[in-house]
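Novice: give me the fold of what follows.
(chains A and B)
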Amino acid sequence: GENVEQHPSTLSVQEGDSAVIKCTYSDSASNYFPWYKQELGKRPQLIIDIRSNVGEKKDQRIAVTLNKTAKHFSLHITETQPEDSAVYFCAATSGGSYIPTFGRGTSLIVHP
Amino acid sequence: EPEVTQTPSHQVTQMGQEVILRCVPISNHLYFYWYRQILGQKVEFLVSFYNNEISEKSEIFDDQFSVERPDGSNFTLKIRSTKLEDSAMYFCASSEGPRSDRGLFFGEGSRLTVL
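Specialist: Numbering: from 1, shown residues only, chains lettered A, B, ... in the order given. Take a look at the predicted model:
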């Protein structure tokens, strides 16, 4: 089955800095990569996703990149704000399944 | 926006007891899921449910676990004879379709503590 590794486990940045979270996956057939954000005490929510037919996708301050050859994908947050503080989960969905396999999560702390 | 709701938010039980975790998926969603997260570890897939039957399950989902949709709205996870290692946050999720562009919609989780 799919295995997703996520780094770092904790990321602390100053407000205004950029944050990058990296994930790797094992199944070359995986073709859908969502990212979820979970604020403290709340539910995980989809914030952005990317499919294997594109290499990059942007939505305002958030971008995801995908390197299929290396089997890794990353989340980039620019101009971080305190409200970006949360746990971020990456996931990969194999072509043979529609079930996302999640990474361990990254706790992002943005200091004002 | 519609939400997935889960009850209870926290349950404490004695080892060996049975636990039922309840979920109300979003009404027009067709696919339902249970995930769990042991503290500090990955969010792990347990089972998916479609058309009133299990569509996929992981190795974790053994005979100790069962799911059902008893009344067309609730989606339950039953854990028989709980063990200490069952202590975790259990997330229910639903989606419109198998590869919905809107992803999975999660509930806020049910924290299970087995003593």
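
Novice: from here on, contacts and neighbour counts on C-alpha atoms
Specialist: Noted.

Novice: tell me the residues of chain A that contact chain B?
Specialist: Residues of chain A lying close to chain B by CA under 8 Å from any CA of the partner chain are A:34, A:41-46, A:98-105.

Novice: identify the farthest-apart pair in those residues.
Specialist: Among the residues of chain A next to chain B, the pair separated by the greatest distance (CA to CA) is A:41 and A:98, at 26.9 Å.

Novice: so which of the two has more stuff around it?
Specialist: It is residue A:98, of residue A:41 and residue A:98, that has more neighbours when counted by other CA atoms under 10 Å in any protein chain shown, with 18 against 9.

Novice: name the nearest residue to that one, ignoring sequence neighbours.
Specialist: Once flanking residues are discounted, residue A:98 sits nearest to residue B:98: 5.4 Å by CA to CA, 6 or more residues apart in numbering or on different chains.

Novice: quick one: the one you found and residue B:31 touch, right?
Specialist: Yes - counting by CA atoms under 8 Å, residue B:31 is a contact partner of residue B:98 at 6.9 Å.

Novice: these two - which one has more neighbours?
Specialist: residue B:31 (22 against 16).

Novice: picking up where we left off before, element containing the residue nearest to residue A:98?
Specialist: Assigned by DSSP states H and E, residue B:98 belongs to neither a helix nor a strand.

Novice: now do the contacts for residue A:20.
Specialist: Residue A:20 sits next to A:74, A:75, A:76, A:77 when contact means CA atoms under 8 Å, 6 or more residues apart in numbering or on different chains.

Novice: what secondary structure does it sit in?
Specialist: Under DSSP: H, G, I helix; E, B strand; the rest coil, the three-state class of residue A:20 is strand.

Novice: hey, what's it bridged with?
Specialist: Taking DSSP bridges as the rule, residue A:20 bridges to residue A:76.

Novice: so how far is residue A:104 from it?
Specialist: Separation of residue A:20 from residue A:104 (CA to CA, to the nearest Å): 15 Å.

Novice: do the same with residue B:103
Specialist: Applying CA to CA to residue B:103 and residue A:104 gives a distance of 18 Å.

Novice: tell me, what residue is most central in chain B?
Specialist: For chain B, residue B:34 is the residue whose C-alpha lies nearest the centre (CA atoms, centre = their mean; 3.1 Å).
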